[in-house]
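In: predicted model, plus sequence, below.
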Amino acid sequence: MSTGPASVNPSTIAPYMFSLMLRNIATYGFQIADHNKPGNPGGYTAPGCVLASPSWPSYPGNVAPIIEDYVFNWTRDAAITMSAVLNQAPAEIPAAGASDLLASYVNFASTCQASGGDIGQAHYTPEGASTGSTDESDGPALRILTILPGFAGLDGPTQTVAGNVVAADLAYLLDNNRYQNPTWNLWEDTFGQSIFARSVQLAALNQVINLGPGLGIPVPPTAQAAATWLEQQLPLHWSGAPDNYYVGVLDASRGEGDPLAPYDPSIDPILACIYGAGIPPYDPQLLSTAAQVRAQWTEPAPTAYPINTADASIGIGPCIGRYNGDEYSGSSLTSNTGHPWVVCTCGFAQLYYELAAAINNGTPVPTDPLATTFLSQINVSSTGTAGDAASALRAAGDKMLQAVLYHSNRYELSEQFDQSSGDEISVSNLTWSYAAFLSAVAAR
């Protein structure tokens, strides 16, 4: 079901999106039953748990059949969500309320870390118990990036817990140089050296180095060397000519059951720019990558989404997918080139907004030939004024968010949109979808 009008201002919907996102964050006064423990009085979310989604395969509220269970606290999704909460204060939530939510999140993170298993495991139960899920080293880094900006607003005892959580996450990354090891990517289907993981690890280490001393958080002696090493690795993801894109995962191997896929160009480098460090929004190599990501979903080709053609006729879009060869639809691993994702579309929109902001703040409009196609896709000339370029970039971001709103189910956001009909598919009410929308609007 589409939500209109197509020309709606995305910022006006942010307060409602924020309220929808809060439904998936457990507090002391708001618990969510764990479907895996029916009738069990202890089978409820612990305060601070951020459910990825309330959907599981037999959940009656799903917008479409699914094959995965999302009723877990994913470390990555939870960190991104709580960052969105903090970024909405005090406009949508009082600063004290945001700090209270962060305090619950910190205590839940401590419970998860103490539950056994690898601190880098992808997700935990709603009660904070270990699941033994795959190792994904971006999660601990994102958790550091969430806790440190809000650290000063926590009370003394919670600051102690927060410091211990950060120290444990740092130890996970730095002990035995784990940050140098391959990991599962943010989509959990490809193993290797992930540009996203490396960029958020770099951002986390830089933040600890810069903010740690002032907050009373010790900076490990190996942190600077690790940050320097990660910064040196990011350029190695550049493919060079003739492809001219950042490779999402180096030395990649696919997970069992996941079909072989070309993968690149992928949304991963764009999300690395949005959530991490080392790849600024005006990097010509990133813009070359982004141009190809957009083109594969819009230009006549086997990968193009039909819905983008229809959306273009009413002046919105396009919607963006994850990577070349994606076939996951929520209900199948063979869905014929996959579908657009809310988090990918919002992340791409945020790239437009962040580049516009950089230009408004004095960064020159990119003139490198690698950026030419990216700018020409939205009718920006390198010889035009900075103001015109920033306005065009902002308008391009708006069109993407307007497509997300247009295809939403009364503004509720699922994980994906059907590539042909635009209808919502896969899990309903994906928390990261709301957080990605809010993050883009904040950058706007």
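Out: Nice, thanks for sending it over. In this text, all values refer to a predicted model and were calculated from it rather than measured experimentally.
In: quick one: L142 and Q201 touch, right?
Out: No - L142 sits out of contact with Q201 when judged by C-beta atoms under 8 Å, with a separation of 9.3 Å. For the C-beta atoms, the positions are set from N, CA and C on the backbone; glycine is no exception.
In: compare those two (neighbour count), which wins?
Out: Neighbour totals were compared for L142 and Q201, and Q201 leads with 32 against 28 (other C-beta atoms under 10 Å).
In: tell me the buried residues in the stretch of helix or strand that one belongs to?
Out: When elements are defined using DSSP states H and E, Q201 is found to belong to helix 195-215. Of the residues in helix 195-215, those scored as buried under the neighbour-count criterion (16 or more other C-beta atoms under 10 Å) are 195-208, 211-212.
In: who does whatever helix or strand comes next after that helix touch, helix- and strand-wise?
Out: Going down the chain from helix 195-215, the next helix or strand is helix 223-233, by DSSP H and E. Counting contacts by 3 or more C-beta pairs under 8 Å, 6 or more residues apart in numbering; DSSP states H and E, helix 223-233 is packed against helix 156-174, helix 195-215.
In: returning to what we had before: helix 156-174 and the helix holding Q201, what's the angle between them?
Out: Comparing the axes of helix 195-215 and helix 156-174 via axes from the mean of the first three to the mean of the last three C-alpha atoms, to 10 degrees yields an angle of 140 degrees.
In: for the chain, just list every one of the helices.
Out: Assigned by DSSP state H, the helices in the chain fall at 10-22, 75-88, 95-113, 138-150, 156-174, 195-215, 223-233, 268-275, 284-298, 306-312, 342-360, 372-376, 386-407, 431-443.
In: to D34, which of those helices lies closest?
Out: Proximity to D34 (C-beta to C-beta) singles out helix 95-113 among those, at 14.0 Å.
In: which other helices and strands contact that closest one?
Out: Secondary structure elements in contact with helix 95-113, counted by 3+ C-beta pairs under 8 Å, 6+ apart, are helix 75-88, helix 138-150, helix 156-174.
In: in CSV: the ones you listed, plus mean pLDDT.
Out: Written out in CSV, the entries for the helices and strands packed on helix 95-113 read as follows (pLDDT from 0 to 100):
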stretch, mean pLDDT
helix 75-88, 96
helix 138-150, 97
helix 156-174, 97
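In: of those helices, which is nearest L355?
Out: The closest of the helices and strands packed on helix 95-113 to L355 is helix 75-88. By C-beta to C-beta, the value is 18.9 Å.
In: compute the inter-axis angle for that closest one and helix 268-275.
Out: Computed by the same axes, to 10 degrees, the angle between helix 75-88 and helix 268-275 is 40 degrees.
In: residues making contact with helix 75-88?
Out: If you take C-beta atoms under 8 Å, 6 or more residues apart in numbering as the criterion, helix 75-88 is touched by 14, 18, 21, 24-25, 49-50, 52, 93, 98, 101-102, 105, 112, 120-124, 136, 138-140, 142-143, 145-146, 149-150, 186, 275, 431-432, 434-436, 438-439, 442.
In: again with stretch 143-158
Out: Taking contacts as C-beta under 8 Å, 6+ apart, the residues outside stretch 143-158 that touch it are 75, 78-80, 82-83, 86, 95-96, 98-99, 102-103, 105-107, 109, 159, 162, 165-166, 169-170, 200, 203-204, 207-208, 211-212, 215, 217, 275.
In: quick one, which of the residues you listed are buried?
Out: Members of those that pass the buried threshold by neighbour count (16+ other C-beta under 10 Å) are listed as 75, 78-80, 82-83, 86, 98-99, 102-103, 105-107, 109, 159, 162, 165-166, 169-170, 200, 203-204, 207-208, 211-212, 217, 275.
In: residues contacting S382?
Out: With C-beta under 8 Å, 6+ apart as the criterion, the residues that contact S382 are V365, P366, T367, A371, T372, L375.
In: what is the neighbour count of the second one?
Out: Here the neighbour count serves as a burial measure; for P366 (other C-beta under 10 Å) it reads 23.
In: pLDDT value on it, please?
Out: On pLDDT, P366 comes in at 92.
In: so it sits right up against S376, yeah?
Out: No - in this structure P366 lies outside contact range of S376 using C-beta under 8 Å: 11.7 Å.
In: tell me, how many residues neighbour the nearest residue to L393 once chain neighbours are set aside?
Out: Nearest residue to L393, sequence neighbours excluded (C-beta to C-beta, 6 or more residues apart in numbering): A356, at 3.8 Å. The burial metric for A356, expressed as a neighbour count using other C-beta under 10 Å, is 24.
In: what's the spacing between A356 and E327?
Out: Distance, A356 to E327, using C-beta to C-beta, to the nearest Å: 34 Å.
In: sorry, back to before: need the helices and strands packed on helix 223-233 in JSON lines (columns: distance to L250).
Out: Shown next, in JSON lines, are the helices and strands packed on helix 223-233 (distance: least, C-beta to C-beta, whole Å):
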{"stretch": "helix 156-174", "distance to L250": "18"}
{"stretch": "helix 195-215", "distance to L250": "8"}
